[in-house]
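> Sharing a sequence plus its predicted fold:
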Amino acid sequence: MAIQERRPGESIDSILRKFKRKMKNEGTLQELRAREHFEKPSDTKKRKFKAAVQRTRSQQKREDF
């Protein structure tokens, strides 16, 4: 769990931005959403395969230019 301590004179907005950035970098929120509903192992494999295909296609497009 990400913890963001407040420094003297620091605004709530800046603390909230830092906290959200930490949560995103750690992947906590993404993991929480993934665990919200059960996903069958076959669906997990399909999703990961599609993501890998998409990554390679976009990488090839960048290399072509």
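Received the coordinates, thanks.

> Confidence-wise, which helix or strand of the protein is lowest on average?
helix 28-35 (a mean of 89; mean pLDDT, DSSP states H and E).

> next structured bit after that one?
Where DSSP states H and E defines the elements, the next helix or strand beyond helix 28-35 is helix 41-64.

> got the contact list for the least confident helix or strand of the chain?
Met1, Ala2, Met23 (CB atoms under 8 Å, 6 or more residues apart in numbering). No exception for glycine: its C-beta is placed from N, CA and C like everyone else's.

> between these, which is nearest His37?
Met23 (20.2 Å; CB to CB).

> re the thing from before, quick one: distance of the least confident helix or strand of the chain to the chain centre.
Between the mean C-alpha location of helix 28-35 and the chain-wide mean there is a distance of 8 Å, by CA atoms, centre = their mean, to the nearest Å.

> For that helix, list the C-alpha coordinates in PDB.
The C-alpha atoms that make up helix 28-35 are tabulated as PDB, following Å, rounded to 0.1, in the frame of the first residue of the first chain:
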ATOM      1  CA  THR A  28      -2.300  -1.400  -6.900                       C
ATOM      2  CA  LEU A  29      -5.500  -0.100  -8.400                       C
ATOM      3  CA  GLN A  30      -5.000  -2.100 -11.600                       C
ATOM      4  CA  GLU A  31      -4.600  -5.300  -9.500                       C
ATOM      5  CA  LEU A  32      -7.700  -4.400  -7.400                       C
ATOM      6  CA  ARG A  33      -9.800  -4.100 -10.600                       C
ATOM      7  CA  ALA A  34      -8.400  -7.300 -12.000                       C
ATOM      8  CA  ARG A  35      -9.300  -9.200  -8.800                       C
END
